[in-house]
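*Asks:* with the input below, show me the fold.
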Amino acid sequence: MSATVDANLLLYASDESSRFHAAARARLEALARGPELVYLFWPVLMAYLRVSTHPAIFDPPLPPERALENVGRLLELPHVQTAGERERFWEMYRDVAIDAGVRGNLVTDAHVVALMRENGVRAIWTHDRDFRRFPGIEVRDPFED
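*Replies:* Numbering: from 1, shown residues only. Presented below is the predicted three-dimensional model:
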């Protein structure tokens, strides 16, 4: 089985001041050990880089080199794959958007869900409850017992 992660898990794992830091870091370390195949989607990685280095959002922001290094370490793992949009992406996105009534802030979540469907990824590790609006995926909250 394969899974993916949302940007919030990566951000909490980097934010030592967060009450979710220890659990996020532990979940990320467990995923890094494998053997489960982990997909990292480019919109998620770019969101992580954008937020973690932004001084108005992430306090203190990560130096860009450190944020890039964090991503790079994940991408070097043999059971981690990246994937982007392919031929059927627009069809997948449109179906996801219509099914869930997507607008506003849900557009990015729908983008990730469409990538999941296109790549056969069933589960996402996230604390974002909005993902529960999308049928056909399994939402795993790393902070729930």
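*Asks:* the protein: strands as residue ranges?
*Replies:* In the chain, the strands defined using DSSP state E lie at 2-5, 37-41, 80-83, 123-125, 138-140.
*Asks:* so who does the residue nearest the centre of the chain touch?
*Replies:* For the chain, the residue sitting closest to the mean C-alpha position, by C-alpha atoms, centre = their mean, is residue 6 at 1.9 Å. Neighbouring residues of residue 6 by C-beta atoms under 8 Å, 6 or more residues apart in numbering: 44, 112, 124, 125, 126, 127, 128, 131. Quick note: C-beta positions are derived from backbone N, CA and C, even for glycine.
*Asks:* go again using 6 Å as the cut-off
*Replies:* Residue 6 makes contact with 124, 126, 128 under the criterion C-beta atoms under 6 Å, 6 or more residues apart in numbering.
*Asks:* try residue 21
*Replies:* 12, 15.
*Asks:* run the last query once more with 8 Å
*Replies:* So residue 21 contacts 12, 13, 15 (C-beta under 8 Å, 6+ apart).
*Asks:* check the burial of the last one by counting its neighbours.
*Replies:* Same thing as residue 15. Residue 15 has 19 neighbours, counted by other C-beta atoms under 10 Å.
*Asks:* can you give me the distance of it to residue 138?
*Replies:* From residue 15 across to residue 138, the span is 25 Å (C-beta to C-beta, to the nearest Å).
*Asks:* and for the second one?
*Replies:* From residue 13 across to residue 138, the span is 20 Å (C-beta to C-beta).
*Asks:* the more surrounded of those two?
*Replies:* Comparing residue 13 with residue 138 by neighbour count (other C-beta under 10 Å), the higher total belongs to residue 13, at 23 against 13.
*Asks:* chain neighbours aside, what residue packs nearest to that one?
*Replies:* residue 24 (4.1 Å; C-beta to C-beta, 6 or more residues apart in numbering).
*Asks:* all set, thanks.
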